[in-house]
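Engineer: One predicted model, sequence on top.
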Amino acid sequence: MTTQRQAVQALRRIAYLLERAREPTYRVRAFRGAAATVEALDEDELAARVEAGTLTELRGIGKVTALAVAEALAGETPVYLRRLEATGGTPVAEGGAEVRAAIRGDLHTHSDWSDGGSPIAEMAEAAAALGHEYVALTDHSPRLSVANGLSAERLEKQLSVVAELNDRTDGIRVLTGIEVDINEDGTLDQSDDLLERLDVVVASVHSKLRMPGDEMTRRMVTAIADPHTDVLGHCTGRLITGARGTRPESDFDPELVFAACARFGVAVEINARPERLDPPKRLLRLAVEAGCLFAIDTDAHAPGQLDWHPYGCERAAACGVPIDRIVNTWSVDDLLAWTGRTSTRQ
């Protein structure tokens with residue numbers, strides 16, 4: 001490996017650890033931007049600039065990132081990285097170790113095709129480094145324009161990109177998917193033909209979260225009964241912390257919603273994002289009692305967030321979720337046999 005490549009990997013590793021530790025986005029972007037700049041440089045120019053101390057003249061490289069590059073080119077592990085490795089090696093949440101060990105993949109992730117921050121290949125590489133056997137790419141659907149949701153045409157293109165990536169990648173399989181908006185009438189925000197072609201469909205409510213409870217219940221149950229829905233994403237829509245502030249839970253009848261999930265074989269997502277931790281434990285226990293399947297997902301929008309599974313695993317363990325009912329502990333063949341059950345639900 002060239003020293004230039006080592007520098008790029010060091011910068012990306014720093015960004016990854018900052019993401020995992022939930023550091024401010026601007027700090028993560030600084031290291032990712034510096035990595036992109038260094039990777040694009042001619043190797044001789046990079047060495048010359050480090051020697052002359054002119055790296056900071058380049059767009060996206062400041063004093064801290066320039067020092068990390070110089071240390072990496074000298075064959076050293078950057079001090080910044082050593083500090084993060086020393087303090088970031090412990091689990092992000094206690095408990096749930098047995099559940100985390102059983103997890104084989106992630107069924108809810110985003111790339112820079114919608115509102116994620118990294119390319120598909122980079123997300124897949126990070127997932128593989130965590131030991132995942134598969135990762136589902138579930139960028140947003142067209143209605144969520146604020147998140148650059150994918151039109152049918154863009155989703156078609158993404159399917160081709162994922163197929164090419166899987167052809168040249170060993171060790172992990174990228175599953176095609178979508179986080180599809182649940183429209184106000186319970187229909188899904190993408191064509192049936194395209195949904196039929198995807199490996200995993202996560203259906204989530206993103207709009208009119210404060211609609212009356214009976215209407216929200218009907219909306220959710222209609223979506224759950226759709227034969228293309230595999231996972232019900234972050235069911236209450238709550239936010240409990242984070243830059244977007246807080247948001248209360250949507251009002252709906254959880255017993256009816258979870259009964260529908262059990263009836264139609266739809267997994268209830270245990271969303272591990274720290275600002276969501278959705279559903280709340282009292283509702284998670286209800287879903288267990290209803291006999292639901294589950295998917296513990298990170299809802300990752302960046303590589304470092306793929307390591308947020310322990311937040312969800314701890315909650316699953318605390319609420320008595322049986323491991324064999326967590327669909328992303330299954331092999332990829334068993335998982336795809338389950339998501340491909342469309343004809344049996346019509």
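Structural biologist: Now that the structure is in, tell me what you want to look at. The shown structure was predicted, so the numbers you read here are calculated from the model rather than taken from an experiment. Numbering: from 1, shown residues only.

Engineer: Show me the contact partners of the helix or strand hosting Ala128.
Structural biologist: When elements are assigned from DSSP states H and E, Ala128 belongs to helix 120-129. Outside helix 120-129, the residues that touch it by CB atoms under 8 Å, 6 or more residues apart in numbering are 12, 16, 105-106, 109, 111, 113, 116, 118, 135, 137, 158, 161-162, 165, 169, 171-172, 174, 300, 303-304, 306. C-beta: built from backbone N, CA, C; applies to glycine.

Engineer: chain center to that helix: distance?
Structural biologist: Distance of helix 120-129 from the chain centroid (CA atoms, centre = their mean, to the nearest Å) equals 11 Å.

Engineer: likewise stretch 158-166?
Structural biologist: In terms of CA atoms, centre = their mean, the centre of stretch 158-166 is found 18 Å from the chain centre.

Engineer: Quick one: the strands in this protein, in order.
Structural biologist: 105-109, 134-137, 173-181, 200-204, 231-232, 267-271, 293-297 (DSSP state E).

Engineer: In the stretch 1-150 of the chain, where is pLDDT below threshold?
Structural biologist: Within the stretch 1-150 of the chain, the segments meeting pLDDT under 70 span 87-95.

Engineer: 90 instead, please
Structural biologist: Residue ranges of the stretch 1-150 of the chain with pLDDT under 90: 1-3, 17-28, 60, 79-80, 82-97, 117, 146.

Engineer: any idea which residue of the chain is furthest from its center?
Structural biologist: Residue farthest from the centre of the chain, counting by CA atoms, centre = their mean, is Ala52 at 40.6 Å.

Engineer: how far away is that one from Pro78?
Structural biologist: 20 Å (CB to CB, to the nearest Å).

Engineer: what is the orientation angle of the helix holding Ala128 with strand 173-181?
Structural biologist: Relative orientation of helix 120-129 and strand 173-181, computed by axes from the mean of the first three to the mean of the last three CA atoms, to 10 degrees: 120 degrees.

Engineer: Give me the angle between helix 120-129 and strand 105-109.
Structural biologist: If you take the same axes, to 10 degrees, helix 120-129 sits at 150 degrees to strand 105-109.

Engineer: Show me how the record splits this protein into domains.
Structural biologist: Per automatic domain parsing, the structural domains of the chain span 3-87, 97-345.

Engineer: Comparing these, which comes out most buried?
Structural biologist: Across these, averaging neighbours per residue (mean count of other CB atoms under 10 Å) puts domain 97-345 on top, at a mean of 19.

Engineer: chain center to that domain, what's the gap?
Structural biologist: Counting by CA atoms, centre = their mean, domain 97-345 is centred 9 Å from the centre of its parent chain.

Engineer: again with stretch 41-54
Structural biologist: A distance of 36 Å separates the centroid of the chain from that of stretch 41-54, by CA atoms, centre = their mean.

Engineer: who touches that stretch?
Structural biologist: Stretch 41-54 is contacted from outside by Thr2, Gln4, Ala7, Val38, Leu55, Glu57, Leu58, Ala66, Val69, Ala70, Leu73, using CB under 8 Å, 6+ apart.

Engineer: and if we set it to 7 Å?
Structural biologist: Thr2, Gln4, Val38, Leu55, Val69, Ala70, Leu73 (CB atoms under 7 Å, 6 or more residues apart in numbering).

Engineer: tell me the contacts of the residue nearest to Ile326 when sequence neighbours are not counted?
Structural biologist: Leaving aside its sequence neighbours, Ile326 sits nearest to Phe294 (CB to CB, 6 or more residues apart in numbering; 5.0 Å). By CB under 7 Å, 6+ apart, the residues touching Phe294 are Ala267, Val268, Ile270, Ala316, Val321, Arg325, Ile326, Val327.

Engineer: From Arg273, how far off is Phe294?
Structural biologist: Taken as CB to CB, the span from Phe294 to Arg273 is 16 Å.

Engineer: Ok, Ser151 next?
Structural biologist: Counting by CB to CB, the gap from Ser151 to Arg273 is 26 Å.

Engineer: can you redo the contacts of Phe294 as TSV with pLDDT and distance to Ile178?
Structural biologist: Compiled in TSV, these are given as follows (pLDDT from 0 to 100; distance: CB to CB, whole Å):
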residue	pLDDT	distance to Ile178
Ala267	98	15
Val268	98	18
Ile270	98	19
Ala316	95	24
Val321	94	25
Arg325	97	23
Ile326	98	21
Val327	98	17
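
Engineer: Kindly reformat those residues as a markdown table containing distance to Trp338.
Structural biologist: Shown next, in a markdown table, are the contacts of Phe294 (distance: CB to CB, whole Å):
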| residue | distance to Trp338 |
| --- | --- |
| Ala267 | 9 |
| Val268 | 14 |
| Ile270 | 17 |
| Ala316 | 18 |
| Val321 | 17 |
| Arg325 | 11 |
| Ile326 | 12 |
| Val327 | 6 |
